[in-house]
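> Model the following, please.
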Amino acid sequence: MPQDLVIGLDASTTATKAIAWDRQGRAMAEGRSPIPMDSPLPDRYEQDPEDWWASASSALHALCQQLDPARIAALAISNQRETFVALDADGTALRPGIVWLDERCRPEVAGFAARVGEQTIHRISGKPPDVSPSIYRIAWLARHEPQILARATWFCDVQGYLSLRLTGRCCTSWASADPMGCFDLAARRWSETVLAPLGLSAERFPGALAPGEILGQVTDTAARATGLPSGTPLVAGAGDGQAAGLGCRVLSPGRAYLNLGTAVVSGIFSPDYRVDRAFRTMGSGSGEGYILESVLRTGTFLVDWFVRRLFGVDPAREPGIYRVLEQEARAVAPGAGGLLLVPYWAGVMNPYWEHDARGCMVGLSASHGRGHVHRAVLEGIALEQTLVTAAAEAVAGQPVTAYLAIGGGAASDLWCQIIADVSGRAVERSATVEASSLGAAMAAARGAGWFSDFHEAAGAMGGTVTRRFEPRPATFDYYQRLLAIYRGLYPGLRDTYRALAELARDGVTPQPPHHA
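Below you'll find the model as predicted:
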């Protein structure tokens, strides 16, 4: 039986998807299983690592029932980034895993960064101080649950944990270790400098290997749980963002992926290590070069927020609402009738790195309706993405000629055209919906020896483009004028937002009405 398939195991935040791919990058079968999540307090999000394993083994088992498992040459993991768990020496979780969405560490960020040195931690990790990297939640553990810090043998990312369950070895990929914020990106090892203030050493983190290297082999126990053949190689994959970049063939300058998902994540390739507040630097899913990544925390999340909270529509009851909104927004001219939106509903990462930043709509009048608001949302996100891409281009020294759009939002013709018109760059829609799984599959194929390097793997397995949206010159010229207004909007409101946030933190206890 020829081993003609590899598996990209995409362990995302809400589900695990196990997809079998062939040498031409065609998805041949898949299994899926959900992952529950708890929110014990506001801004806190946790998962039981046993659920990561149960979801992964269930998805793999479902996949293996659809094909002969003997055809599987290798598998690799794409994982939700910055989520981690503390394990004891037996691999047992000492507490629930803390998910990347969790913001309990907000008070720790400035203090921990000051102890290491804000510029030092940025230079080493590639990331300005922010709530996202795991290291700040580990600092929270040191302050609030020191007994966990003392007892932990390993602090594992999701790939490291699944590797332990699949192979018995606690190992991960460079491109899964670096989002934790304590990995030296240039030296490609855990940073003793960043870990020192917590009294931790590199030995308390998974072994980190280059993407495409073999982490271990599936054990007999894991084989029984998953349906995989015992001895199947597990290959180092990448965090889901970098894996998506690999799946989109972002392996050379000039290309950018644009994931229009719950958050909007975009990345451009840089052969050299560069750091700047305009982006956060990630290791490439190929293990060679780096990804200069921008993140806007509110993408399709913001579309859904308006649908549910302001328009009062339940998409479960009215699934056609998104099509209707697109029609209404398409009937509105560029500029949304003088309505401009800044999409910082959940703060802003690059380039300002301000937790207290908030969204706003400017120019509202009685003449505006749902179509104007929906178009302003799509335009606001496009304007923001144009600014951050330009800033990354300036640092990288390489122009981006086109975005390869993936994610649920990429299905919108209107949004893709708006992004092209605002940015002046073509937008290509990828035929590959599961770009992260495909990127992991490329790593598995490289580890299985199918290809000599990742460029060859991406050339053979990379997805095709189904449609290309070109910028329209007259509309682009109009949006350049709008962009000039947008550029100054948040900086002009920054002090206002800080004052409002301080006032909100002081708070006032609600009082009953006073009757004379």
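
> pretty sure P2 contacts R71?
Yes - at 6.9 Å, P2 counts as touching R71 under the criterion of CB atoms under 8 Å. Placement of C-beta: from N, CA and C, glycine included.

> buried ones in the lengthiest helix in the chain?
If you go by DSSP state H, the chain has its longest helix at helix 473-506. Within helix 473-506, the residues scored as buried using 16 or more other CB atoms under 10 Å are T475, F476, Y478, Y479, L482, L483, Y486, Y490, L493, Y497, A501.

> Return the closest of those with respect to E293.
Set against E293, the nearest of those by CB to CB is Y490 (20.0 Å).

> ok, the closest residue to the closest one other than its chain neighbours - how many residues close by?
Excluding the flanking residues, the one nearest Y490 by CB to CB, 6 or more residues apart in numbering is V342, at 5.6 Å. By the criterion of other CB atoms under 10 Å, V342 has 21 neighbours.

> Use 656 as the first number for this chain going forward.
Happy to do that; since the first residue is 656 now, the last one works out to V997.

> wouldn't V997 be in contact with P1146 here?
No - at 10.7 Å, V997 does not count as touching P1146 under the criterion of CB under 8 Å.

> Can you read off the pLDDT for R910?
According to the prediction, R910 has pLDDT 81.

> correct me, but it touches G922?
No - applying CB under 8 Å as the test, R910 and G922 come out as separate, 9.4 Å apart.

> more neighbours, those two?
G922 (30 against 20).

> where in the protein is pLDDT low?
Applying pLDDT under 70 to the chain flags the ranges 656, 1163-1171.

> residue nearest the centroid of it?
The structure's the chain has its C-alpha centroid closest to G896; by CA atoms, centre = their mean the separation is 4.7 Å.

> Counting neighbours, what do you get for the nearest residue to H716 once chain neighbours are set aside?
Once flanking residues are discounted, H716 sits nearest to G882: 4.6 Å by CB to CB, 6+ apart. Neighbours of G882 under the rule other CB under 10 Å: 19.

> residues contacting G882?
L715, H716, L718, C719, Q720, P724 (CB atoms under 8 Å, 6 or more residues apart in numbering).

> possible to save the buried residues of helix 1128-1161 as a markdown table with distance to G1079?
Output for those, formatted as a markdown table (distance: CB to CB, whole Å):
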| residue | distance to G1079 |
| --- | --- |
| T1130 | 10 |
| F1131 | 5 |
| Y1133 | 12 |
| Y1134 | 8 |
| L1137 | 13 |
| L1138 | 10 |
| Y1141 | 15 |
| Y1145 | 22 |
| L1148 | 26 |
| Y1152 | 30 |
| A1156 | 35 |
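
> I923 should be in a helix, yeah?
No - secondary structure of I923 (DSSP: H, G, I helix; E, B strand; the rest coil): strand, not part of a helix.

> ok, it touching A1051?
Yes - if you go by CB under 8 Å, I923 and A1051 touch, sitting 6.2 Å apart.

> Counting neighbours, go ahead and name the busier of the two.
Relative neighbour count places I923 above the other of I923 and A1051, with 26 against 22, counting by other CB under 10 Å.

> Now that one. Nearest residue, chain neighbours left out?
Per CB to CB, 6+ apart, closest to I923 is A911, 4.5 Å.

> For the stretch 956-1105 of the chain, which segments count as helices?
Secondary structure of the stretch 956-1105 of the chain by DSSP state H, counting those that start in this stretch: the helices cover 976-985, 1025-1051, 1068-1078, 1090-1102.

> List just the one of these that sits closest to T738.
When the helices of the stretch 956-1105 of the chain are compared by CB to CB, helix 1090-1102 sits nearest T738, at 14.5 Å.

> What is that closest one packed up against?
Under the contact criterion of 3 or more CB pairs under 8 Å, 6 or more residues apart in numbering; DSSP states H and E, helix 1090-1102 touches strand 660-666, strand 670-676, strand 727-734, strand 888-894, helix 895-902, helix 1109-1116.

> Any chance of those in TSV with distance to T917 as columns?
Output for the helices and strands packed on helix 1090-1102, formatted as TSV (distance: least, CB to CB, whole Å):
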stretch	distance to T917
strand 660-666	15
strand 670-676	13
strand 727-734	16
strand 888-894	16
helix 895-902	12
helix 1109-1116	26
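
> nearest to E1034, of the ones you listed?
So among these, helix 895-902 is nearest, using CB to CB, at 24.3 Å.

> ok, residues contacting the helix or strand that comes right after that closest one?
Counting by DSSP states H and E, the element after helix 895-902 in chain order, helix or strand, is strand 910-915. The contact list for strand 910-915 (CB under 8 Å, 6+ apart) reads 896, 899-900, 903-905, 919-924, 954-955, 1040, 1044, 1055-1065, 1067, 1070, 1074, 1082, 1090.

> repeat that with 7 Å
Identification of contacts with strand 910-915 by CB atoms under 7 Å, 6 or more residues apart in numbering yields 899-900, 903-905, 920-924, 954-955, 1044, 1055, 1058-1065, 1070.

> What of stretch 1016-1031?
With contact meaning CB under 7 Å, 6+ apart, stretch 1016-1031 is reached by 961, 966, 980, 983-984, 986-987, 991-996, 1144.

> Write a ChimeraX command that selects only the buried members of these.
If you want just the buried ones from those in ChimeraX, going by 16+ other CB under 10 Å, the selection is:
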select :961,980,983,984,987,991,992,994,995,996
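
> Now, the contacts of stretch 1016-1031 that are in strands?
L995, L996 (DSSP state E).

> now, among the contacts of stretch 1016-1031, which is nearest to D839?
Distances from D839 to the contacts of stretch 1016-1031, taken by CB to CB, are shortest for L1144, at 37.0 Å.

> picking up where we left off before, which neighbours do I923 and A1051 have in common?
In contact with both I923 and A1051: L947, using CB under 7 Å, 6+ apart.

> How much space separates P866 from P908?
Distance from P866 to P908, counting by CB to CB, to the nearest Å: 19 Å.

> So for stretch 918-929, what gets flagged as buried?
A918, V919, V920, S921, G922, I923, F924, S925, R929.

> The residues you listed into TSV, with extra columns for distance to L889?
Shown next, in TSV, are the buried residues of stretch 918-929 (distance: CB to CB, whole Å):
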residue	distance to L889
A918	28
V919	31
V920	26
S921	29
G922	25
I923	30
F924	26
S925	29
R929	31
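
> correct me, but R1122 touches R1084?
Yes - assessed by CB atoms under 7 Å, R1122 is found in contact with R1084 at 4.6 Å.

> who's more crowded, those two?
The neighbour count for R1122 versus R1084, taken as other CB under 10 Å, is higher for R1084 (18 against 13).

> For that one, list the residues it contacts.
Taking CB under 7 Å, 6+ apart, one finds A1060, A1065, C1071, V1120, T1121, R1122 in contact with R1084.

> Which strand or helix spans the last one?
With elements taken from DSSP H and E, the one containing R1122 is strand 1120-1124.

> List the buried residues for that strand?
Those would be F1124, for strand 1120-1124 by 16+ other CB under 10 Å.

> which neighbours does that strand have in its sheet, and in what orientation?
Take DSSP bridges as the rule and strand 1120-1124 pairs in its sheet with strand 1081-1085 (antiparallel).

> Work out the gap between the strand it pairs with and the centre of the chain.
Relative to its parent chain, strand 1081-1085 has a centroid offset of 19 Å by CA atoms, centre = their mean, to the nearest Å.

> Over to stretch 827-836?
13 Å.

> Could you pull up the contacting residues of L1144?
Going by CB under 7 Å, 6+ apart, L1144 touches L995, V997, V1017.
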